[in-house]
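Engineer: could you work out the structure for the sequence below:
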Amino acid sequence: MLVSAIAIVIGIIIGLLMPYNLTPDMAPYVAIAIVAALDSVFGGITAHMQKRFNMTIFFTGFFSNALLAAALVYIGNMIGINLMLAAIVIFGTRMFNNFAVMRYAILEKYNKKNKPQDNAEE
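Structural biologist: You can find the predicted model right below:
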């Protein structure tokens, strides 16, 4: 968990220090890459909560999802089909599903912690 927190801080610092050279033509590709990366982050958090997290799977999924999503949007633009909307719907659905699993795991842990103990005397 500490590695994740450090990585987030480093990522924010790098993002703040990078020059802003994003053209309006590049914006859709960067946006969908960010959405795909966030989907991978939520998937990684969910996997960690379910005790099945694998760093190799996370890293490969993180970068390949972002690159594939941006490539699909590019190809869609080349052939005149708005695949960005489809990608956002799919990744958004996956993020909400992962968030639901995380919420359920947190509530389950909270309920176990606050469950009244059975009285053996009764």
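Engineer: name the residues of the longest helix along the chain that are buried.
Structural biologist: In the chain, taking DSSP state H as the definition, the longest helix is helix 83-113. For helix 83-113, the neighbour count (16 or more other Cβ atoms under 10 Å) marks L83, M84, A87, I88, F91, R94, M95, N98, V101, M102 as buried. (Glycine included, C-beta is placed from N, CA and C.)
Engineer: wait, which of those is closest to A36?
Structural biologist: Within those, the smallest distance to A36 is 5.7 Å, found for F91 (Cβ to Cβ).
Engineer: which residues does that closest one contact?
Structural biologist: By Cβ atoms under 8 Å, 6 or more residues apart in numbering, F91 lies in contact with I32, V35, A36, L38, D39, A69.
Engineer: narrow the residues you listed to those in helices?
Structural biologist: Secondary structure from DSSP H places I32, V35, A36, L38, D39, A69 of the contacts of F91 in helices.
Engineer: quick one: buried residues of stretch 66-80?
Structural biologist: By 16+ other Cβ under 10 Å, the buried positions in stretch 66-80 come out as A66, A69, A70, L72, V73, G76.
Engineer: isn't the second one up against A36?
Structural biologist: Yes: here A69 reaches A36: they are 3.9 Å apart, a contact under Cβ atoms under 8 Å.
Engineer: one step back: could you dump the ones in helices among the contacts of F91 to a markdown table with pLDDT and distance to I14?
Structural biologist: Below are the ones in helices among the contacts of F91 laid out as a markdown table (pLDDT from 0 to 100; distance: Cβ to Cβ, whole Å):
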| residue | pLDDT | distance to I14 |
| --- | --- | --- |
| I32 | 90 | 20 |
| V35 | 91 | 19 |
| A36 | 91 | 19 |
| L38 | 89 | 17 |
| D39 | 92 | 21 |
| A69 | 90 | 21 |
